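Asks: coordinates only, sequence not included:
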């Protein structure tokens with residue numbers, strides 16, 4: 001455990017075995033840093049009234065601002081939190097905000113994620129595991145980004161948007177509706193273009209299941225069926241599986257609507 005003497009700690013800092021904090025960092029509020037996590041120089045962690053729990057073997061690069069106050073005019077310094085899992089990388093000048101007090105008071109980052117330079121995750125977001133967000137992409141408040149999502153550079157996500165598991169968002173997209181799991185989306189505003197077959201294959205899904213998912217997504221985005229008609233067709237034309245069940249549940253729970261057009 002080591003904290004460089006030039007770092008300023010204003011609040012409570014807990015370091016686990018092997019954690020390191022480099023020079024000229026600013027740590028505020030209540031910050032807990034897990035085993036083997038590296039905080040390089042010129043990183044800001046936390047803010048007054050904030051609680052940050054950082055897991056093991058994360059890496060914060062210079063200029064990252066993690067756990068700053070939410071960018072919400074209604075926030076008045078309430079005690080809220082940011083929870084970060086294990087094995088995440090936060091590159092230069094990436095930002096992640098504390099939650100507001102409007103929901104469960106938590107912004108959540110999963111494990112094995114990669115946040116490239118100048119990325120932003122807003123207040124009250126929930127980011128799953130194995131998510132990659134490329135440079136200059138911004139996730140608005142209250143968004144849900146499910147596991148194994150890959151987001152290209154210079155994308156923007158409207159508040160309360162949900163992105164399904166295993167999806168791919170092409171660079172430069174503006175997302176204002178929910179993105180289907182296992183799909184590829186692109187555009188301003190983004191619409192679902194195809195099945196993310198490459199991503200599914202890389203995760204080791206059998207070819208038969210990839211084709212099963214592809215069939216379901218084609219039913220949803222092709223033709224003139226209503227959403228309920230498409231869901232009924234998937235029930236009869238696709239092989240039941242955990243992935244198909246998740247896809248159907250995602251659609252039925254969508255509040256912003258699916259980005260079909």
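Replies: Received the coordinates, thanks. Predicted model only: the values in this text are computed from it and were never measured.

Asks: Just the buried positions in the lengthiest helix in the chain, please.
Replies: If you go by DSSP state H, the chain has its longest helix at helix 207-221. Neighbour counts over helix 207-221 (16 or more other CB atoms under 10 Å) mark 210-217, 219-221 as buried. Every residue, glycine included, has its C-beta placed from N, CA and C.

Asks: just those residues now: which is nearest residue 51?
Replies: residue 213 (39.1 Å; CB to CB).

Asks: so what's that closest one up against?
Replies: Residue 213 is in contact with 182, 195, 200, 205, 243-244, 247, counting by CB atoms under 8 Å, 6 or more residues apart in numbering.

Asks: ditto for residue 155
Replies: Counted by CB under 8 Å, 6+ apart, residue 155 has contacts 134, 137-138, 169, 171-175.

Asks: PyMOL command to pick out the buried ones of these?
Replies: This is how PyMOL selects the buried members of the contacts of residue 155, with burial counted by 16+ other CB under 10 Å:
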select buried, resi 134+137+138+169+172+173+175
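
Asks: and the contacts of residue 155, which two are the farthest apart?
Replies: Among the contacts of residue 155, 134 and 174 lie farthest apart (CB to CB), at 14.9 Å.

Asks: Share the number of residues neighbouring residue 229, please.
Replies: 12 (other CB atoms under 10 Å).

Asks: same question, the one 4 residues further on
Replies: As a burial measure, the neighbour count of residue 233 was computed by other CB under 10 Å and equals 16.

Asks: pretty sure it is in a strand, no?
Replies: No. Assigned with DSSP: H, G, I helix; E, B strand; the rest coil, residue 233 falls outside any strand and is helix.

Asks: Can you check the pLDDT for the nearest residue to it once chain neighbours are set aside?
Replies: Nearest non-adjacent residue to residue 233, counting by CB to CB, 6 or more residues apart in numbering: residue 219, 5.1 Å away. You'll see residue 219 listed with a pLDDT of 96.

Asks: show me the contacts for residue 219.
Replies: Per CB under 8 Å, 6+ apart, neighbours of residue 219: 225, 230, 233-234, 237-238.

Asks: Buried by neighbour count, from the residues you listed: which ones?
Replies: Looks like the contacts of residue 219 have 230, 233-234, 238 buried, using 16+ other CB under 10 Å.

Asks: Which single one of the residues you listed is nearest to residue 186?
Replies: residue 230 (21.0 Å).

Asks: Identify the residues contacting residue 235.
Replies: residue 248.

Asks: ditto for residue 63
Replies: Here residue 63 is in contact with 42-43, 92-93 (criterion: CB under 8 Å, 6+ apart).

Asks: how far away is residue 7 from residue 181?
Replies: Separation of residue 7 from residue 181 (CB to CB, to the nearest Å): 42 Å.

Asks: do residue 198 as well
Replies: Taken as CB to CB, the span from residue 198 to residue 181 is 15 Å.

Asks: Sketch out the low-pLDDT regions of this protein for me.
Replies: 1 (pLDDT under 70).

Asks: on that earlier part again, distance to residue 88 added to the buried residues of helix 207-221, as TSV?
Replies: Shown next, in TSV, are the buried residues of helix 207-221 (distance: CB to CB, whole Å):
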residue	distance to residue 88
210	28
211	33
212	32
213	28
214	31
215	35
216	31
217	29
219	36
220	32
221	32
